[in-house]
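> Pasting the sequence and the predicted model now:
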Amino acid sequence: MSALLSVRGLTAGYGGPPIIEDIAFDVQPHEIAVILGPNGAGKSTVLKTIFALTSIASGTIDFDGTDLARCKTSALVTLGVSAVPQSSNVFPNLTVDENLDIGTYAAPPADKVATHEKVLHLFPDLRAKLKQPAGELSGGQRQMVAIGRALMCEPKLMLLDEPTAGLSPAYLERIFDLLLDIRKTGVTILMVEQNARQALQIADQGHVLVNGRNFASGTGKELLADENVRRSFLGGAAT
Ligand SMILES: Nc1ncnc2c1ncn2[C@@H]1O[C@H](COP(=O)(O)OP(=O)(O)OP(=O)(O)O)[C@@H](O)[C@H]1O
Ligand SMILES: [Mg+2]
């Protein structure tokens with residue numbers, strides 16, 4: 001099987017010294033891949049670089065035969081990549097429905113009504129809140145709106161930066177269950193997560209970054225069992 005996303009030798013930053021250096025990893029079609037690592041390791045920068053929001057010094061980002069390192073953000077959505085940023089990811093003054101609709105602007109789906117219905121099927125809680133401003137929702141519901149909006153363009157690959165940040169353990173489980181449901185619909189997911197142990201339980205592949213470089217990669221199971229990774233990032237003994 002050939003990778004949907006293949007990152008090689010990626011070095012990028014924000015105009016000064018590089019923040020990520022020589023990063024390499026693959027994401028296979030229909031998998032959930034998770035990027036882990038300490039605060040400031042460059043996890044968000046990797047996602048932002050794939051989404052053409054940083055300055056690339058070298059490397060390639062092959063997505064389905066196109067090098068995203070040469071693309072502008074506006075072109076990415078048309079190619080089938082959507083993103084949910086780490087914070088401020090809904091328009092608080094717009095209703096839930098308007099927030100979802102914005103997801104169709106850059107790359108309208110073939111059948112907008114059917115896609116809208118599919119998204120509400122994944123997030124039934126949002127159905128009763130469609131006319132409510134997104135700013136009035138709970139953190140977990142807002143995250144669902146942000147993920148729902150990213151799905152409205154029928155992406156092949158969804159980039160998610162800390163989808164469970166600030167959520168209760170119960171909501172975290174709901175979001176992770178939703179990601180598994182989303183994967184079943186054929187969407188490939190690349191996400192950054194702080195809740196490393198739980199994320200590795202649902203992930204097909206994990207990639208640990210330290211100081212802007214690859215530290216370890218493996219299946220969720222392999223990384224959960226890896227002594228080095230466990231000691232440094234998972235808080236000690238295996239459970
Ligand atoms: N817009 C920016 N301009 C300049 N430097 C930035 C910018 N965004 C991030 N950085 C720097 O890049 C480094 C990596 O940041 P990044 O946000 O990628 O880390 P992270 O692994 O996502 O951390 P966290 O777990 O805290 O979200 C940090 O030193 C940060 O200060
Ligand atoms: Mg981050």
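Looks like it came in fine. Numbering: from 1, shown residues only. Ligands and ions are numbered 1, 2, ... in the order given.
> which stretches of the protein have low pLDDT?
Low-confidence segments of the chain (pLDDT under 70): 1, 235-239.
> show me where it has helices.
Shown for the chain, the helices assigned by DSSP state H span residues 43-50, 73-79, 96-102, 112-122, 139-151, 169-184, 196-202, 220-225, 227-233.
> got those as JSON lines, with mean neighbour count columns?
(Each C-beta comes from the backbone N, C-alpha and C, glycine too.) Shown next, in JSON lines, are those (neighbours: other C-beta atoms under 10 Å):
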{"stretch": "helix 43-50", "mean neighbour count": "24"}
{"stretch": "helix 73-79", "mean neighbour count": "16"}
{"stretch": "helix 96-102", "mean neighbour count": "20"}
{"stretch": "helix 112-122", "mean neighbour count": "15"}
{"stretch": "helix 139-151", "mean neighbour count": "22"}
{"stretch": "helix 169-184", "mean neighbour count": "16"}
{"stretch": "helix 196-202", "mean neighbour count": "19"}
{"stretch": "helix 220-225", "mean neighbour count": "17"}
{"stretch": "helix 227-233", "mean neighbour count": "15"}
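> Adding distance to Pro17, write these out as TSV.
What follows is these, written out as TSV (distance: least, C-beta to C-beta, whole Å):
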stretch	distance to Pro17
helix 43-50	12
helix 73-79	23
helix 96-102	35
helix 112-122	41
helix 139-151	31
helix 169-184	34
helix 196-202	27
helix 220-225	29
helix 227-233	24
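> Show me the one of the ones you listed that comes nearest ligand 1.
Among the helices of the chain, the nearest to ligand 1 by C-beta to the nearest ligand atom is helix 43-50 (3.2 Å).
> Residues contacting the closest one, please?
5, 7, 10, 12-14, 19-20, 23, 35-37, 54, 56, 61, 68, 81, 83, 86, 159, 161, 190, 192, 209, 212 (C-beta atoms under 8 Å, 6 or more residues apart in numbering).
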